[in-house]
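Asker: Need the 3D shape of this:
(one chain, ligands or ions: 1)
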Amino acid sequence: MKYKNSLNIIKIAETLMPGGVNSPVRAFKSVDLSPVVIKKAKGSKIYDIDGNEYIDYVMSYGPMLLGHSDERVIKAIKDSAEDGFSFGATTEREVELAGLINKHFPSIEMVRLVNSGTEAVMSAIRLARGFTKRDKIIKFEGCYHGHSDSMLVKAGSGALTTSVPSSAGITESLSKDTLVAVYNDVESIKDLFLNHKGEIAAVIIEPVAANMGVVLPKEGFLKGLADLCRENGSLIIFDEVITGFRVSIGGAQGFFNLKPDITCLGKIIGGGLPIGAFGGRRDVMEYLSPLGPVYQAGTLSGNPICVAAGIATIKAIEEDNAISKANEAANYLLKNLKDELKDFKDKIAINNISSLLTIFFKKGRVNNFEDVMKSDTELFKKFFGIALNDGLFTAPSQYEAMFLSSRHTKADLDKTVFVIKKAIKEVIG
Ligand SMILES: *Cc1c(COP(=O)(O)O)cnc(C)c1O
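Answerer: Below you'll find the predicted structure:
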């Protein structure tokens, strides 16, 4: 049996860990399958414990822009480990990573390293509230900013002015301080600013949304948003945990030539090891302890091994022109998918920017969460199972991106197009 070992391990895992996983999407719940258990990965390929090989488009949900197990990053991790694992004191490597972040993100005049994207966002929000002395935050429906309490909020049914927790365990009083707007709709934000004059500390956004599938900002949307924030004395926070060092080496802000007040980073800046960062305007960052009144700390923050992996990753990206390579792979994939899927163009929509791509099982354009939710998840479910069985490891959810890396080869992409076409033919007919 093709998945025998995986099935056995998952059975045990389910008795020891909720859902058998340490992060919910890994449980394959939305596709009604038992997950494959991973043994190892190299370059564009990932292998399960039954020895099945897949072309990987999950890429750890973003960090592996260089492909898996890059030799330079392995060496950096080994070398750093030889020097010790954690000190509770500053190291030269942290300063080097801060310098690299500042070099590519000029808006990040000062930075603080943390351990995850969630932590970066949580701390950025506290900082924005402390700096502006205001309580309310605006986020966008369909954007994901990690799992801190303030961010697990969705629009209430009916009016956009009410928001409700999107998870149990979040107090209503906290959720009331997070307002929810519609992606690509400047008017929806104008309304919120009008109804909450002088109360909005910050607007947080994924400048390219990649957690409801890939949804691109319309021309002028981000600029309009930034202008509104400035007019209202609110900070604008770009959550570039996915887009940073991917959409361009300077992230989405480099791509669109915009300068947020605060930026959150994660994923690629740790090259696959746990890390996060938030940074921005010097006057804002100086509000952070020990300089200012906003408290934030971490025993393992700036961990030398994670930082070493991040430095090696960023240097390898520079050296290899890895972003262009990943973009070329995505362009090739997109072009060939469009050619091969012509017959289905009224049944699917493909959104793409740089090395991020989503195939939606939905007709017409996908510009916001409401559009995304019109996707046919039953079709996706069948599609996913066929693609997995034929050797493609994609996210087990319609609402995720395919992540390309600099290591996806033409042969990988040709096989991918073949498998996707076969699967779509089977499910749509
Ligand atoms: C992944 C992600 C996060 C959360 O990062 P974690 O490291 O998983 O906590 C936050 N924001 C965005 C845009 C993300 O994609």
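Asker: Check residue 159 and give its pLDDT.
Answerer: As predicted, residue 159 sits at a pLDDT of 51.
Asker: count of residues packed around the one residue in the chain that gets nearest to the ligand?
Answerer: Using Cβ to the nearest ligand atom, the closest approach of the chain to the ligand is made by residue 117 at 2.2 Å. For glycine as for every other residue, the C-beta is placed from the backbone atoms N, C-alpha and C. Residue 117: 31 surrounding residues under other Cβ atoms under 10 Å.
Asker: Look up how far residue 275 lies from it.
Answerer: 9 Å (Cβ to Cβ, to the nearest Å).
Asker: any idea how far residue 133 is from residue 283?
Answerer: Counting by Cβ to Cβ, the gap from residue 283 to residue 133 is 14 Å.
Asker: of those two, who's got more company?
Answerer: residue 283 (12 against 7).
Asker: Please give the element, helix or strand, for that one.
Answerer: helix 282-285 (DSSP states H and E).
Asker: Which SSE is immediately downstream of that helix?
Answerer: Downstream of helix 282-285 (by DSSP H and E), the next one is helix 304-320.
Asker: Report the rounded mean pLDDT for the next helix or strand after that next one.
Answerer: Next helix or strand after helix 304-320 toward the C-terminus (DSSP H and E): helix 322-340. Averaging pLDDT along helix 322-340 gives 98.
Asker: got the contact list for helix 322-340?
Answerer: With contact meaning Cβ atoms under 8 Å, 6 or more residues apart in numbering, helix 322-340 is reached by 65-66, 245-246, 248-249, 316-317, 345, 350, 352, 354-357, 359, 404-406, 408, 410, 413-414, 416-417, 420-421.
Asker: In ChimeraX, how would I select the buried members of these?
Answerer: Buried residues among the contacts of helix 322-340 (16 or more other Cβ atoms under 10 Å), as a ChimeraX selection:
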select :65,66,245,246,248,249,316,317,350,352,354,355,356,357,359,404,405,406,408,413,416,417,420,421
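Asker: now the helix or strand that contains residue 193: how far from the chain's centre is it?
Answerer: Per DSSP H and E, residue 193 falls inside helix 186-195. Here the centre of helix 186-195 is set off from its chain's centre by 26 Å, with Cα atoms, centre = their mean, to the nearest Å.
Asker: Against which helices or strands is it packed?
Answerer: In terms of contacts (3 or more Cβ pairs under 8 Å, 6 or more residues apart in numbering; DSSP states H and E), helix 186-195 is packed against strand 178-181, strand 200-205, helix 221-231.
Asker: quick revisit: tell me who's in contact with the residue of the chain closest to the ligand.
Answerer: Taking Cβ under 8 Å, 6+ apart as the test, what residue 117 contacts is 145, 146, 239, 241, 264, 265, 266, 267, 276.
Asker: Which residue is the nearest non-sequential neighbour of it?
Answerer: In space, not counting the residues next to it along the chain, residue 117 is nearest to residue 266; the distance is 3.3 Å by Cβ to Cβ, 6 or more residues apart in numbering.
Asker: Contacts only, for that neighbour.
Answerer: Neighbours of residue 266 in contact, by Cβ under 8 Å, 6+ apart: 116, 117, 120, 241, 244, 275, 276, 277.
Asker: can you check residue 108 too?
Answerer: Contacts of residue 108 by Cβ under 8 Å, 6+ apart are 101, 102, 263, 279, 280.
Asker: ok, residue 187 to residue 194 distance?
Answerer: Taking Cβ to Cβ, one finds residue 187 at 10 Å from residue 194.
Asker: quick one on the thing from earlier: will you turn the helices and strands packed on helix 186-195 into a markdown table that also has mean neighbour count and distance to the ligand?
Answerer: What follows is these, written out as a markdown table (neighbours: other Cβ atoms under 10 Å; distance: least, Cβ to the nearest ligand atom, whole Å):
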| stretch | mean neighbour count | distance to the ligand |
| --- | --- | --- |
| strand 178-181 | 25 | 15 |
| strand 200-205 | 26 | 9 |
| helix 221-231 | 17 | 15 |
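Asker: got these as TSV, with mean pLDDT columns?
Answerer: Formatted as TSV, those follow (pLDDT from 0 to 100):
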stretch	mean pLDDT
strand 178-181	96
strand 200-205	98
helix 221-231	98
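Asker: Would you format those as a markdown table with distance to residue 381 included?
Answerer: Formatted as a markdown table, these follow (distance: least, Cβ to Cβ, whole Å):
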| stretch | distance to residue 381 |
| --- | --- |
| strand 178-181 | 28 |
| strand 200-205 | 30 |
| helix 221-231 | 32 |
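Asker: Just tell me which of the ones you listed ends up closest to residue 79.
Answerer: Comparison of the helices and strands packed on helix 186-195 against residue 79 by Cβ to Cβ identifies strand 200-205 as nearest, at 36.4 Å.
Asker: Please work out which residues outside the closest one touch it.
Answerer: Contacts of strand 200-205 (Cβ under 8 Å, 6+ apart): 121, 124-125, 128-129, 131-132, 134-140, 143, 145, 151, 179, 181, 183, 189, 192-193, 222, 225, 228-229, 232, 234-239, 261-262.
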